[in-house]
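**Student:** Here's my sequence, what's the structure:
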Amino acid sequence: MTDAVCRSCARPLAGRDGRAGRSSVYCSAACRQKAYRERRAAPGGTVRGLIEDVGRQVEALVPQPPSVFYAGVSDLAASVGRLRRIARVARDTAQDDSVTRAAVTKEAGSPSPAVRPATGDAAAPHTTGPRTGDPHPSAPRTGGPHPSAPRTAPDETSRTRDSVTGDSVTRAAVPRDSAARDSVTRAAVTHDSVPQDTVTQDSRTQTPQEQVRLGESDFAALVEPYRRELRVHCYRMAGSYDDAEDLVQETFLRAWRARDGFAGRASVRTWLYRIATNTCLDFQRRTARRPRRYEPLPGMNHGSAEPPARITWLQPYPDEELPSADEQPDALAVSRETMELVLLAAIQHLPPRQRAVLLLRDLVGLSAVETAQALEMTPASVNSALQRARPALRDRMPRRRSDWTAEADARERAVLGRYMAAAESLDLGAFTDLLSEDIRLTMPPNPYWFVGRAAITEFLSISLDPASPLFLGHWRHLPARANGHLAAGGYVRRPGTTVYRAQVLDVLRIEDDRVVEITSFEPHLFPAFGLPLRLPADR
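**Tutor:** Next up, the predicted model:
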């Protein structure tokens, strides 16, 4: 039985026979790759082409039948969303350009004969979310109010790498004489003087070097399709969703500043990964993050097991923001297994350079030579670092389930439903029955941790008992997905109030119909998972 046709070759697609999950729109990997290449080469890859596509989609909208109308509106929303993201990148690169030009102008008028190097970091992006450092001890999230973790600001005095692209692009000092200075800034103002028709020519007729030297808008259209996979890469390097967003933005700004040095020896994708990786390595140097062990807290029963690793900056990643196989067909880099929290936590224990080698080689798929060029290493040293990183990673990984079947997913969803129902009914017995004997609960960035069912039950009994003076309130939950796992967004209505407020995002690891690990995260991440920050009391 068939229910659709392939979008590439129009051959019938096989029916799913009751299987759950998102259906494929291509009959084979070859068709998916072909469609992927066609999308990258289409005229819509330019801003002008994308605007024309939006116009055609608007004209084609019809309110009947509803299914056709819904599909048309969904396609239009996707196109407008991409146009919005491109406009944001163009705006930020233009602002970066204006700051750079202002710095050059100031240098030209300076009476001092000294030559000052251009750092290229004058327009670093603003932080879009809190960066978690060492938390201030306070009440644990699931047992009381949880403070916002202090933001760890980058060291403004630290030096960044001069070579940011791995493509022989080095930031140079600003020249003294006006002719040389003009040559430095000429590329930055080209988009103001070149006719629009020249700038927006069809990308299929341009060389890679020409593509990255477009004006702000078309440069943004060129790099925007890589945003999602670059964000995943930066997330793996940094371990933080908030920091990953900042690092991708900084990657695009560095790419814009270094575009004239792009020699075209590698693809634009490889070039951007080089910049992103070095941006992450600079970030690691500034923050000097190192995993530690949790320590016992006075008066708290943590269980008798050894304390787990404490990674204060660890944050979850929404499954909905991962590129699909249709968007990135060679996507081992974004598969479910490679985004699990246990893997992310294990990666954070690797030295930054080993971490970069492992991700670029095993997940991004770069060759040893390309990785060596990106990290300014030799191929031999890359292979050596990879040989050290792989066993170190395996040693920190728990035994993992190998069957990702629809039936297993259905069982996990049933466990999640019972988990949320037990919390909402304040049924400690039903909640305890879902936990494995050696379950582990951590709450990054906070110092609270529990290992073992008995320790967690003792901790929860205080906050779930309405007669307890430390009773937190009544709970509601909404389901979510993070890092390939099921999650529950928890909301609390405190005594005497009428609104459920976001309290905690619990990411669950489930094995054999039991919860074996709970990682609880801060509520400021709810919007990233499509969860509201408040629920009405009559829900």
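
**Student:** So Ala480 lies in a strand, does it not?
**Tutor:** Yes: under DSSP: H, G, I helix; E, B strand; the rest coil, Ala480 sits within a strand.

**Student:** and it, what does it touch?
**Tutor:** Pro318, Leu486, Ala487, Ala488, Gly489, Leu505, Phe529, Gly530, Leu531 (CB atoms under 8 Å, 6 or more residues apart in numbering). Where C-beta positions appear, they are placed from N, C-alpha and C, glycine not excepted.

**Student:** Quick one: buried ones out of those?
**Tutor:** Buried members of the contacts of Ala480, scored by 16 or more other CB atoms under 10 Å, are Pro318, Leu486, Ala487, Ala488, Gly489, Leu505, Phe529, Leu531.

**Student:** Present the contacts of Ala480 as CSV; the columns should include secondary structure, pLDDT and distance to Ala71.
**Tutor:** Putting the contacts of Ala480 into CSV (DSSP: H, G, I helix; E, B strand; the rest coil; pLDDT from 0 to 100; distance: CB to CB, whole Å) gives the following:
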residue, secondary structure, pLDDT, distance to Ala71
Pro318, strand, 93, 24
Leu486, strand, 93, 28
Ala487, strand, 95, 29
Ala488, strand, 96, 31
Gly489, strand, 96, 29
Leu505, strand, 97, 32
Phe529, helix, 94, 25
Gly530, coil, 91, 20
Leu531, coil, 94, 26
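
**Student:** what packs against the helix or strand encompassing Phe283?
**Tutor:** In this structure, Phe283 is located in helix 268-287 according to DSSP states H and E. Helix 268-287 is packed against helix 208-212, helix 216-223, helix 227-238, helix 241-257, helix 352-358, helix 368-375, with contacts defined by 3 or more CB pairs under 8 Å, 6 or more residues apart in numbering; DSSP states H and E.

**Student:** who's in contact with the third one?
**Tutor:** Meaning helix 227-238. 85, 241, 243-245, 247-248, 251-252, 272-273, 276-277, 279-281, 283-284, 313, 317, 321-323, 327-328, 331, 333-334, 339, 344, 347, 352, 355-356, 359, 363-364.

**Student:** Next: the fifth one.
**Tutor:** Helix 352-358 is touched from outside by 236-237, 277, 280-281, 284-285, 347-348, 350, 371, 374-375, 377, 382, 385-386, 388-390, 392-393, with contacts defined as CB under 8 Å, 6+ apart.

**Student:** and those residues, which are buried?
**Tutor:** Burial by neighbour count, 16+ other CB under 10 Å: within those this picks out 236-237, 277, 280-281, 284, 347-348, 350, 371, 374-375, 377, 382, 385-386, 389-390, 392-393.

**Student:** how many other residues sit next to the residue nearest to Arg514 when sequence neighbours are not counted?
**Tutor:** Nearest residue to Arg514, sequence neighbours excluded (CB to CB, 6 or more residues apart in numbering): Ser436, at 4.2 Å. Using other CB atoms under 10 Å, Ser436 has 17 neighbouring residues.

**Student:** mind checking pLDDT for the closest residue to Leu375 other than its chain neighbours?
**Tutor:** Setting aside the residues directly before and after it, Leu375 is nearest to Ala356 in space (CB to CB, 6+ apart), at 6.0 Å. Model confidence at Ala356, given as pLDDT, is 95.

**Student:** what does Ser463 give?
**Tutor:** pLDDT, read off for Ser463, is 87.

**Student:** residues of stretch 49-60 that come out buried?
**Tutor:** In stretch 49-60, the ones that count as buried by 16+ other CB under 10 Å are Gly49, Leu50, Asp53, Val54, Gln57.

**Student:** In three-state terms, label the closest residue to the fourth one other than its chain neighbours for me.
**Tutor:** Right, the one you point to is Val54. Of all residues not flanking Val54 in the chain, Ser79 sits nearest, at 5.0 Å (CB to CB, 6+ apart). Of the three states, Ser79 takes helix under three-state DSSP.

**Student:** Check the gap between Ser79 and Val342 for me.
**Tutor:** Applying CB to CB, to the nearest Å, the value for Ser79 to Val342 is 37 Å.

**Student:** Those two - which one has more neighbours?
**Tutor:** Ser79 (19 against 16).

**Student:** could you measure the more buried one against Val516, distance?
**Tutor:** Distance, Ser79 to Val516, using CB to CB: 42 Å.

**Student:** can you pull the pLDDT of Arg161?
**Tutor:** At Arg161, pLDDT is 41.

**Student:** Same question for the one 3 residues further on.
**Tutor:** We have a pLDDT of 39 for Val164.

**Student:** try Tyr70
**Tutor:** 72.

**Student:** That one: neighbour count?
**Tutor:** Tyr70 has 10 neighbours, counted by other CB under 10 Å.

**Student:** Confirm that it sits in a helix.
**Tutor:** Yes: assessed by three-state DSSP, Tyr70 belongs to a helix.

**Student:** OK, contacts around Gly473?
**Tutor:** Counted by CB under 8 Å, 6+ apart, Gly473 has contacts Val492, Arg493, Arg494, Pro495, Thr497.

**Student:** Just among these, which is most surrounded?
**Tutor:** Counting neighbours by other CB under 10 Å, Val492 comes out on top of the contacts of Gly473 with 23 neighbours.

**Student:** can you tell me the helix or strand for that one?
**Tutor:** Here Val492 is assigned to strand 485-493, by DSSP H and E.

**Student:** Which residues does that strand contact?
**Tutor:** 142, 316, 340-341, 412-413, 415-416, 419-420, 423, 472-481, 499-510, 526, 529, 531, 534-535, 537.

**Student:** and that strand, C-alpha only, in PDB?
**Tutor:** Output in PDB follows, covering the C-alpha atoms of strand 485-493 (Å, rounded to 0.1, in the frame of the first residue of the first chain):
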ATOM      1  CA  HIS A 485      14.900  11.800  25.300                       C
ATOM      2  CA  LEU A 486      11.500  12.500  26.600                       C
ATOM      3  CA  ALA A 487      11.200  15.400  28.900                       C
ATOM      4  CA  ALA A 488       8.500  17.000  31.100                       C
ATOM      5  CA  GLY A 489       8.100  20.800  31.600                       C
ATOM      6  CA  GLY A 490       7.000  21.200  35.300                       C
ATOM      7  CA  TYR A 491       4.800  24.100  36.500                       C
ATOM      8  CA  VAL A 492       4.000  24.800  40.100                       C
ATOM      9  CA  ARG A 493       1.000  26.600  41.600                       C
END
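
**Student:** What pairs with that strand, parallel or antiparallel?
**Tutor:** Here strand 485-493 is paired, per DSSP bridges, with strand 474-482 (antiparallel), strand 499-511 (antiparallel).
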